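> What follows is a predicted structure for the sequence shown.
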Amino acid sequence: MKIAIPTVDGLLCPHFGHCQQFAIVEVDTEKRDVISQTMITPPPHEPGILPQWISQQGCTVVIVGGMGGRALAMFNQSGITVVSGASSQEPKEIVLAYLNGELITGGNLCDGPIFRQGGHTDCAQHE
C-alpha cells in the first residue's frame, strides 16, 4: 500500500494544496511498517490535478490536515481514501500511527465558510 502525505519543511502541511512536496510512503500493512519513503514535488496546484496525480503515484490513501469538499469528492471518485484532520508531524510518524490505529485526527481544517463556489478563498490558519 502507498500513502501520500502533503509536506512543507518535512512535516505534514495543514492544507494539501499548499504543500511543497508529497511524501509517498510505501507500507507493509501486515507488519505495520514503512518499507520506503520518497519525496516528490507535485505539479502546480490547479483544481482536479492533485487527486489524479496522487492516483498515478499508486497511492490508495492520502492523509491531510484539511482539504476542500470538491477535492474530497474527487479523491473519493478516484477510489482514494482521505484521512483528514491530522496534525503536523513527520510523515513516517503519521503513517505508523495510522497503521496501528493510533492516528489522532481532528476536524477537517478546511471545512467552513472559507470556500466559495468550490474555490479556496482564504484560510489564515494555513498561512
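It's in. Quick caveat, the model's predicted, so the values are computed rather than measured. Numbering: from 1, shown residues only.
> For Gln37, name its beta-bridge partners.
Val25 (DSSP bridges).
> does Ala4 count as helix, strand or coil?
State at Ala4, reduced to three classes by DSSP: H, G, I helix; E, B strand; the rest coil: strand.
> thought it was touching Phe22?
Yes - under the criterion of CB atoms under 8 Å, Ala4 makes contact with Phe22 at 5.1 Å. Yep, even glycine has a C-beta here, placed from its N, CA and C like the rest.
> Give the residues shared as contacts by the two.
Shared contacts of Ala4 and Phe22, defined by CB atoms under 8 Å, 6 or more residues apart in numbering, comprise Ile54, Gln57.
> which element is the residue lying closest to Gly48 once chain neighbours are set aside on?
Among residues not flanking Gly48 along the chain, Met74 sits closest, at 5.9 Å (CB to CB, 6 or more residues apart in numbering). For Met74, the enclosing helix or strand under DSSP states H and E is helix 69-77.
> per-residue confidence averaged over that helix?
Mean per-residue pLDDT for helix 69-77: 89.
> Pull the distance from whatever helix or strand comes next after it to the chain's centre.
As assigned by DSSP H and E, the chain's next helix or strand after helix 69-77 is strand 81-83. In terms of CA atoms, centre = their mean, to the nearest Å, the centre of strand 81-83 is found 8 Å from the chain centre.
> With just CA atoms, put whatever helix or strand comes next after strand 81-83 into PDB.
Sequence-wise, the next helix or strand downstream of strand 81-83 (DSSP H and E) is helix 91-99. Presented in PDB, the C-alpha positions along helix 91-99 are these (Å, rounded to 0.1, in the frame of the first residue of the first chain):
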ATOM      1  CA  PRO A  91       5.300  11.500   7.500                       C
ATOM      2  CA  LYS A  92       6.700   8.300   9.000                       C
ATOM      3  CA  GLU A  93       5.300   9.100  12.400                       C
ATOM      4  CA  ILE A  94       1.900   9.800  10.900                       C
ATOM      5  CA  VAL A  95       1.900   6.600   8.800                       C
ATOM      6  CA  LEU A  96       3.000   4.400  11.700                       C
ATOM      7  CA  ALA A  97       0.200   5.800  13.900                       C
ATOM      8  CA  TYR A  98      -2.300   5.300  11.000                       C
ATOM      9  CA  LEU A  99      -1.200   1.600  10.600                       C
END
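> Much appreciated, bye for now.
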